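Undergrad: Just a sequence and a predicted model for now, questions to come.
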Amino acid sequence: MASGDSVQQIKERLTIVDVVSSYVELSPAGKHMKAKCPFHNEKTPSFMVNPEQNFWYCFGCQKGGDIFTFVQEMEGLEFRDTLERLADKAGVEIPKFRAYNKEEKSQKQKNYEILETATRFYQVQLEKNTNGKKIIEYLRQRNISGEQIKNFRIGYAPGGWDNLFKFLMKRGYFLKDIAQTGLLVFKEGQSSDNIESYYDRFRDRIIFPVIDVIGRVVGYSARVVPGGDEKNAKYINTPQGLVYDKSQILYGIYQARTEIKKQDYVIITEGNMDVVASFTSGLRNVIAVSGTSLTKEHIKVLKRYTNNFKFCFDMDEAGQRATKKSIQTCLEEGIDLEIIILPVAYKDINELTIKEPDNWQKVVTNSIPVMKYFFDLVFEQYDVNDAKGKKMIAHELLNIIKDIDDPIEQSYWLNKLSDRISVDEDILTQVLEGVKLKKRKEVVNDQGNSEGSNNIPKMKDRLSILQERLLGLFSLFSNQLSGEVKNIDESLFDEEYLVFWRKISVNDKSGIEKEINQFEIGVKYNYDEKDGFIENKISPLEEKEVIRDEIEKARTKELLQKITWDIKKAEEDGDDEASKLLSEEFDRLSREIESK
């Protein structure tokens, strides 16, 4: 079966509503369905789904497409991975990669394959190696069942410098490909082409594979074995690489994602053992952030499943710093956040599940809203009856209140702070504005003029919309308009759109499929508040003329605006001759617009 046939079969078996509703909550809107867009923050739904035409489109961020583009956007997957995932969901068999030679596969695919092979090696070592059997006993003592050892694919890296390295080489993998996965350590000062220059990164350690949302191993977190040498580190992780990005990786997300969606909240901790022990105790909506604070990329992944987070981090100094940073990011992203407080006798979740396995669920039920947690914490630290104490309380809490995304909730906590420290709310509001201003300056200094407003979709100007419409028209009606390509001057396009035109004009859409799909939707459909999506009736040749004329008019108006400024400058400089010439050019262009 050709891959094109597979795509069509999947589309016949899975509707756009089937796919989208597994990620976001849809509600009826006439003949269509609507939701808040999962790709940008918004308060009013602008994300629409057309069941009849089997496509989706967001009028806020102007993204759109079919079931494949939706899953690609949501999961950050390449097309082949998306195809395999939806094929599995639809029960459709698709052709496997025919490339047998490992050199012919993409570098990412090689990484995934080597990591999968390594994971199986570690699993076998846990079962068969003498030390591995001791580790299984240790894990069971830590409230980790045999079922969860298999579920999380926990393994053992035996002692010795090259056990895994030799195993992978015997399986036919190349040195440079193995090295790229992060499984090896390179000896500084040696030749990178020499096998003797490398050794296994993980040795005599318990292996916790890190698995992405679609079940691929992307790296490892490796714990020193009980009684082992902890001089280097208790845990070591796969380094940043082609498939392992710690700013996006969440331990346990693959195993927990369904339960997170079902329970509509996620428990976030920082220990792999905490996650696996929680599963053993019956709580299966738990994930871990390893060695870093929660990032916006992490939040984007988790928001596919829930907007309700519960933090349970270690409360040592490092844990508190990570918690505060993570909380700040969550509040900025509009997350409903609560804090889980462990009983004083326990330093982490794993310890609690060992001694009181049934109590963990009760502790989770008693979680505290994040602002109440900080109010309680700060008011315990400082004396509210002392001027300096009031100042410190205000300083600590305003630095958290400033990050609350919702203005009503922010106002509520500001009022609460005013009552508790007996300081006028107007004064606190002024201080808060100063804190916000300082924060904005820090963001500008950190980011310069880069992507500082990614969450706010930019509204496209009329000229951009017209260019996209012309591109979409020539793509949709390539046969009817093939003879008109020569009549389209490249000067009609801005540089960013000229790239697309040069490919469309020779009927080549490779590498720009997603953008072209969106351009085509803009041509093919209109949106009406009452009737939803309406398919346009288009005469390609007439439409081409109209759009081209409108672009030329827009270009001329841009030029008129520039001439207006030049005339003003010439008059200020007393340059009558330049002013006269510019005025004549202005009149000529104005008549040109009127004649069109």
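TA: Received the coordinates, thanks. Computed from a predicted model, the values in this text were never measured in an experiment. Numbers count the residues shown, from 1 in each chain.
Undergrad: Break this protein into its domains for me.
TA: With domains defined by automatic domain parsing, the chain comprises 3-90, 103-240, 245-366, 378-447, 462-595.
Undergrad: quick check, distance from the first one to the centre of its chain.
TA: Here the centre of domain 3-90 is set off from its chain's centre by 17 Å, with CA atoms, centre = their mean, to the nearest Å.
Undergrad: One more: the third one?
TA: Once both centres are worked out by CA atoms, centre = their mean, domain 245-366 turns out to sit 18 Å from its chain's centre.
Undergrad: So what would you say the end-to-end distance of it is?
TA: Chord length of domain 245-366, first to last residue, is 33 Å (CA to CA, to the nearest Å).
Undergrad: Could you pull up the mean pLDDT of that domain?
TA: The pLDDT scores in domain 245-366 average 87.
Undergrad: Renumber starting at 711 from here on
TA: In the new count, where the first residue is 711, that last one comes out as domain 955-1076.
Undergrad: Next, count neighbours for the spatially closest residue to residue 1302 that is not a sequence neighbour.
TA: Leaving aside its sequence neighbours, residue 1302 sits nearest to residue 1266 (CB to CB, 6 or more residues apart in numbering; 6.3 Å). C-beta: built from backbone N, CA, C; applies to glycine. For residue 1266, the neighbour count with other CB atoms under 10 Å is 15.
Undergrad: packing partners for the strand or helix carrying residue 1266?
TA: Secondary structure assigned from DSSP states H and E places residue 1266 in helix 1250-1283. On a contact count with 3 or more CB pairs under 8 Å, 6 or more residues apart in numbering; DSSP states H and E, helix 1250-1283 meets helix 1172-1186, helix 1286-1305.
Undergrad: what residues does the first one touch?
TA: Contacting residues not belonging to helix 1172-1186 are listed as 1170, 1191, 1194-1195, 1198, 1202-1204, 1207, 1210-1211, 1214-1215, 1219, 1226, 1228-1234, 1248, 1250, 1253-1254, 1257-1258, 1260-1261, 1264-1265, 1268 [CB atoms under 8 Å, 6 or more residues apart in numbering].
Undergrad: And for stretch 1064-1073?
TA: With CB under 8 Å, 6+ apart as the test, stretch 1064-1073 has contacts from 851-853, 987-988, 990-993, 1050-1053, 1056, 1059, 1062-1063.
Undergrad: got it, and stretch 1074-1092?
TA: For stretch 1074-1092, the surrounding residues in contact (CB under 8 Å, 6+ apart) are 977, 993, 1020-1022, 1037, 1040-1041, 1047-1051, 1099-1100, 1102-1103, 1106-1107, 1110-1111, 1114, 1123, 1126-1127, 1130.
Undergrad: Report the buried members of the contacts of helix 1172-1186.
TA: 1191, 1194, 1198, 1202-1203, 1207, 1210-1211, 1214-1215, 1226, 1228-1234, 1250, 1253-1254, 1257-1258, 1260-1261, 1264 (16 or more other CB atoms under 10 Å).
Undergrad: out of the helices and strands packed on helix 1250-1283, deepest packed?
TA: helix 1172-1186 (a mean of 21; mean count of other CB atoms under 10 Å).
Undergrad: Which is the succeeding secondary structure element to that helix?
TA: helix 1205-1214.
Undergrad: so how far is that following helix off the chain centroid?
TA: 28 Å.
Undergrad: one step back: so which of the contacts of stretch 1074-1092 belong to strands?
TA: Assignment to strands by DSSP state E places the following of the contacts of stretch 1074-1092 there: 977, 1020-1021, 1047-1049.
Undergrad: Quick check: the farthest pair among those residues?
TA: 977 and 1047 (11.8 Å; CB to CB).
Undergrad: Of the two, which one has the most company?
TA: Shown here are residue 977 and residue 1047; by other CB under 10 Å, residue 977 has more neighbours (27 against 22).
Undergrad: In space, what's closest to that one - neighbours in sequence excluded?
TA: Closest to residue 977 by CB to CB, 6+ apart is residue 996, at 4.4 Å.
Undergrad: Got phi/psi on the one you found?
TA: Residue 996 adopts backbone torsions of phi -120, psi 140, taken as degrees, to the nearest 10.
Undergrad: from what I can see it touches residue 984, true?
TA: Yes. Assessed by CB atoms under 8 Å, residue 996 is found in contact with residue 984 at 7.1 Å.
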